[in-house]
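Asker: 3D model of this:
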Amino acid sequence: MQPLSITELNDRAREIFRTIVESYLDTGVPVGSRTLSKLGALGLSPASIRNVMQDLEELGLLAAPHSSAGRLPTELGLRLFVDGMMQLGEPSEADRSAIDAQMQGPHGPSSMEDILGRTSAMLSGLSACAGIVLVPKAETVLRQVSFVPLSPAKALAILVGGDGSVENRVIDLPPGLPPVALIEAANYINTRLGGLTLADAATRLRTEITEERAALDTLTHALVEAGLASWTSDGAARPILIVRGSAQLLAGDATDLDRVRLLLDDLEGKEELVRLLDLARGSDACKIFIGAENKLFSLSGSSVIAAPYRGGSGRVVGVVGVIGPTRLNYARVVPMVDYTARTLSRLIS
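Answerer: Numbering: from 1, shown residues only. Below you'll find the predicted structure:
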């Protein structure tokens, strides 16, 4: 089914649909035609409202749970509401004050680790969801590198980081590489690239090759590039995920505990969640993922609201957000997450 545009609904259907969604997000209770008719503002009889509700159900925007006469929005309906009807502004003054106070801490600015931990906990407390922060893995600084031959086609690359950490990677060797090239490559990296981050080392290598200042033959150059690339790509693929407030999810509707348990299982599968949050890294504003739009939440029916935050260079360095049930106060939580991302960007720049 192609997603509907809100303009495809007539004025009566839009108003009834909006009222049902807002009431459901506020109360969690399916909304019936008699309840809507008593609001008075619609000026319609229960029978007329029921006809419109039936049309909205046939369009896939509403559903009737169990045998209830009331209706609630489907995930498709929530998406239509969020994209086409929800009014967004700045967070309330109370929310802004709470965000600013929590992120600054009781004694002013503090370490990055403390700021990020407080940020996820603060979002959890304000939204009654789990707060999430995606942090890039700290860039490794090269202290020493060595290459150990394993076979004519393979070598073990051993990296000692500036913090004393040791990482090993098996890399492919260029065909025809002489054994002495392993020593030459290690000497070059340790002499010319030591003390640099992996990203900076790769940049300097490219510059020196371009300017013909690297005393490397073609095969040894290929080996150095392969060694740097193996660590650089691996570090970028292993960001750190901070999750706070998972217990908040258990405080909701007791009848929905099965879905909450599924959501908690989803949170344990951090690799999948990291891939989802990575989709928000290229966005300029909040991204909203609702239920089965992402296969990770196809069973738990959860929603994620996430926004990127930036470092001193203006480059996106991570993602901050919340995860919870699809019945969220989107109009409040989206500006809250967006403001938090902007505040975090200012604190770390």
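
Asker: Can you list the low-confidence ranges for the stretch 51-200 of the chain?
Answerer: Counting by pLDDT under 70, the low-confidence segments of the stretch 51-200 of the chain come to 67-69, 105-110, 137-139.

Asker: Show me the helices in it, by range?
Answerer: 75-84, 93-104, 112-127, 180-188, 198-210 (DSSP state H, counting those that start in this stretch).

Asker: Against which helices or strands is the first one packed?
Answerer: Looking back up the chat, that one is helix 75-84. Other elements packing on helix 75-84 under the criterion 3 or more Cβ pairs under 8 Å, 6 or more residues apart in numbering; DSSP states H and E are helix 11-27, strand 287-290. Every residue, glycine included, has its C-beta placed from N, CA and C.

Asker: highest average neighbour count across the ones you listed?
Answerer: strand 287-290 (a mean of 22; mean count of other Cβ atoms under 10 Å).

Asker: how does this protein divide into domains?
Answerer: The chain breaks down into these domains under automatic domain parsing: 6-84, 93-136+239-348, 142-236.

Asker: if I pick Ala153, what's in contact with it?
Answerer: 172-173, 175 (Cβ atoms under 8 Å, 6 or more residues apart in numbering).

Asker: Format those residues as CSV; extra columns: neighbour count and distance to Pro308.
Answerer: Converted to CSV, these look like this (neighbours: other Cβ atoms under 10 Å; distance: Cβ to Cβ, whole Å):
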residue, neighbour count, distance to Pro308
Asp172, 12, 35
Leu173, 21, 39
Pro175, 9, 42
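
Asker: Out of those, which comes closest to Gly312?
Answerer: Gly312 lies nearest to Asp172 out of the contacts of Ala153, by Cβ to Cβ, at 36.5 Å.

Asker: bridging residues for that closest one?
Answerer: Lys154 (DSSP bridges).

Asker: dump the residue contacts of it.
Answerer: Counted by Cβ under 8 Å, 6+ apart, Asp172 has contacts 153-154, 226.

Asker: Tell me the pLDDT of the residue most central in space within the chain.
Answerer: In the chain, the centroid-proximal residue (Cα atoms, centre = their mean) is Leu277; its distance is 2.2 Å. We note a pLDDT of 81 for Leu277 in this prediction.

Asker: So what touches the helix or strand that it is a member of?
Answerer: Assigned by DSSP states H and E, Leu277 belongs to helix 270-278. For helix 270-278, the surrounding residues in contact (Cβ under 8 Å, 6+ apart) are 132, 134, 239, 241, 243, 266-267, 289, 294, 296, 304, 306, 319, 321, 323.

Asker: which of these lies closest to Thr340?
Answerer: Nearest to Thr340 among these, with distances taken as Cβ to Cβ, is Gly321, at 8.5 Å.

Asker: what's the spacing between the residue nearest to Leu116 when sequence neighbours are not counted and Gly318?
Answerer: Spatial nearest neighbour of Leu116, chain neighbours left out: Val133 (5.0 Å); criterion: Cβ to Cβ, 6 or more residues apart in numbering. To Gly318, Val133 is 7 Å away according to Cβ to Cβ, to the nearest Å.

Asker: cool, Leu296 as well?
Answerer: Leu296 is 19 Å from Gly318, by Cβ to Cβ.

Asker: and those two? which has more neighbours close in?
Answerer: The neighbour count for Leu296 versus Gly318, taken as other Cβ atoms under 10 Å, is higher for Gly318 (24 against 19).

Asker: Wait, the more buried one touches Pro308, no?
Answerer: Yes - using Cβ atoms under 8 Å, Gly318 makes contact with Pro308 at a distance of 7.2 Å.

Asker: which neighbours do those two share?
Answerer: The contact lists of Gly318 and Pro308 share Arg281, where a contact means Cβ under 8 Å, 6+ apart.

Asker: out of the helices of the stretch 51-200 of the chain, nearest to Ser33?
Answerer: Across the helices of the stretch 51-200 of the chain, closest to Ser33 is helix 75-84 (Cβ to Cβ), at 16.6 Å.

Asker: How far does that closest one sit from its chain's centre?
Answerer: How far helix 75-84 lies from its chain's middle: 20 Å, per Cα atoms, centre = their mean, to the nearest Å.

Asker: As TSV, the contacts of Ala153 with distance to Tyr24 would be great.
Answerer: Shown next, in TSV, are the contacts of Ala153 (distance: Cβ to Cβ, whole Å):
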residue	distance to Tyr24
Asp172	56
Leu173	61
Pro175	64
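
Asker: And the strands in the protein?
Answerer: 62-63, 72-73, 130-135, 142-151, 154-161, 166-172, 240-244, 287-290, 302-310, 316-325 (DSSP state E).

Asker: between those, which gets nearest to Val180?
Answerer: strand 142-151 (10.9 Å).

Asker: Note down every partner strand of the closest one and its orientation.
Answerer: strand 154-161 (antiparallel).

Asker: Please list the outside residues in contact with the partner strand.
Answerer: 140-150, 166-173, 182, 223, 227, 230-231.
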